[in-house]
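Trainee: Structure for the following, please:
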Amino acid sequence: MITIGYFLSKNREYDNPIGVVIAVVPAFLTLLPTMIETTPINGETAVEISGVISYGNIGSKGVFAAIITGLLATELYIRLTRSKKLQVNLGDSVPPAVGKSFNTMFPLIIVVSLFAFASFLIQLTGNDFMRIIEQFIQEPLRGVGTSFFGYLFLVCFGNLLFSFGIHQSVITGPILDPLLMVNMNENMAATANGEAAPHIINSAFHQVYGALMGGTGSTIALVIAILLFSRYQAYKDLSKLALGPNIFNINEPVIFGLPIVFNLPMIIPFVLSPIVGTTIGYLATSMELVNRCVVTIPWTTPPFLSGFLATAGDWRAIVVQAVIIVALVFFYLPFLKISERVARTNAEMSLS
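Mentor: Next up, the predicted model:
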């Protein structure tokens, strides 16, 4: 929410992004429920308390509400501060910094008051803004986006965009990452309480088995395929340089150096590779051959170590990741051979 307000105002070429943040934060706070229900420690009956902020509402559960508030409050605040009717002229004797602060005071009051009034109207219906966002936006999106086929569609579509030079995190990241984060937090909370983790697909699964193992499109498998089976020296030289970054899931040297971008023979496996990894990981997890991912890991964690850590020390995750990499090596291989022939032909034509 804070970063949305700050960078959106910078994008709108607004000269006081910190002022936007000062408006966005209280606007969001006014939308939080004033009464929450909680169960005391060692208690059996839930009680209602007021005057507190629930951690859940400002955590992953409130991500979509914060995004919506950040966008709306920022746009409204910028428009109001640019309105000459709300600007205050204190005379030439007043320092410019003081006059400027007065010019933003009324827009700030208006923005916070409007959001507070909207929250009041919602609460008159016996509901609250967070619950409405959760029921009508977040949960339907999470149900679709973190389902097996919904997840595959989003990651494959993101890889398709990446193959044309548009980083997938810019387009699908804002949609998919909050959904996966909510699932991850629920898994961690369930594990901490000694309960079974409810979700297979979450942010750690995304890194361990899904689209990000060995870099976007699991290109570590492509690098291994080149080193083992390729006879094209240019590809082998590039793969030797790219192997180190790929181990830490950084694969721009392959995507833009091989390249995969605008290279049709390589775009096809790059886009479809998440289907292989996700299917194997999902089946292994659903059949309880490996524990569910319950630990958040950095995105740069290398394969094998990432599976071991994300599943809270289940060595079988390493085996599953190894099976995925081997499968993807042979999945990439026929397309790699086609790309080699095209590259050799282009090189010969350029020399002739």
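Trainee: Report the spatially closest residue to the residue nearest to the spatial centre of the chain, excluding sequence-adjacent ones.
Mentor: Against the mean C-alpha coordinate of the chain, by Cα atoms, centre = their mean, the closest residue is residue 177 at 2.6 Å. Take residue 177 and drop its neighbours on the chain: the residue closest to it by Cβ to Cβ, 6 or more residues apart in numbering is residue 203, 7.1 Å away. Using the backbone N, CA and C atoms, a C-beta is placed for each residue, glycine as well.
Trainee: One more: residue 150?
Mentor: Leaving aside its sequence neighbours, residue 150 sits nearest to residue 144 (Cβ to Cβ, 6+ apart; 4.3 Å).
Trainee: what's around that neighbour, how many residues?
Mentor: Neighbour count of residue 144, defined by other Cβ atoms under 10 Å: 14.
Trainee: I'd like the next helix or strand past whichever strand or helix holds it.
Mentor: Residue 144 is part of helix 139-145 when elements are defined by DSSP states H and E. Per DSSP H and E, the first helix or strand lying C-terminal to helix 139-145 is helix 148-162.
Trainee: Could you list every helix and strand that the next helix or strand after that following helix packs against?
Mentor: Later in the chain than helix 148-162, the nearest helix or strand by DSSP H and E is helix 168-171. Where contact means 3 or more Cβ pairs under 8 Å, 6 or more residues apart in numbering; DSSP states H and E, helix 168-171 is packed against helix 148-162.
Trainee: any idea of the mean pLDDT for the helix it packs on?
Mentor: Confidence for helix 148-162, expressed as mean pLDDT, is 90.
Trainee: got the buried residues for it?
Mentor: 150-152, 154-156, 158-162 (16 or more other Cβ atoms under 10 Å).
Trainee: chain center to that helix, what's the gap?
Mentor: Computed by Cα atoms, centre = their mean, to the nearest Å, the separation of helix 148-162 from the middle of its chain amounts to 13 Å.
Trainee: Tell me the helices and strands packed up against that helix.
Mentor: With contacts defined as 3+ Cβ pairs under 8 Å, 6+ apart, helix 148-162 has these neighbours: helix 139-145, helix 168-171, helix 173-192, helix 264-286.
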